[in-house]
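Novice: Whatever this is, show me its structure:
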Amino acid sequence: MKRTGRISVVTGTAAVITLALAPIAEANWSSSITAASVGFESRRWSDELYSQVQFTSCTTDGSKSTDVQIWNDISLQPDESYDNKTFTACFSGGTSNGEWTDLPSGMRDYYFQIMKIGGSTFGPQLSVRTVSVDTTKADG
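Specialist: Purely as a prediction, here's the structure:
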């Protein structure tokens, strides 16, 4: 194999691996969180104007609250943050709900990040039985 042929194969293989490992942006999804620390980032989703994040049945080894913030995932630039929401209802067996409205128009990728657990930026860990992301309110 010629040298240029090898370079093409290696470059092409690297591009396929990079694409396969890139986060997939889905609109609506459900999942769970197990023993997450502050700074935990969710998977990405695509939407515009509105996003809702719900936590059902939260547990932590500290105080019964967690702060959640939505971020716009911007390639090759710092990500843009939106309002911080404090979730407490999920710690008593209920569902905590955060809605972010008036997000920028045009399809964009978002994720949420755990900013505090029990009022602290270090230490406690958070588990959530059901995490749901819904983007349909503004779309319908």
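Novice: what number of residues lie near residue 67?
Specialist: Residue 67: 19 surrounding residues under other C-beta atoms under 10 Å. C-beta: built from backbone N, CA, C; applies to glycine.
Novice: Sorry, slip of the keys, the one I care about is residue 38.
Specialist: Residue 38 has 19 neighbouring residues, counting by other C-beta under 10 Å.
Novice: Ok, the one 3 residues further on next?
Specialist: Applying the criterion other C-beta under 10 Å, we find 14 residues in the vicinity of residue 41.
Novice: That one against residue 110, yeah?
Specialist: No: applying C-beta atoms under 8 Å, one finds residue 41 not in contact with residue 110, separated by 10.8 Å.
Novice: Can you check which residues contact both of those two?
Specialist: residue 71 (C-beta atoms under 8 Å, 6 or more residues apart in numbering).
Novice: got any ranges where the chain has weak pLDDT?
Specialist: 1-27, 138-140 (pLDDT under 70).
Novice: where do the strands sit along it?
Specialist: Here the chain has its strands, by DSSP state E, at 29-36, 45-47, 51-60, 66-72, 80-87, 95-100, 108-117, 126-134.
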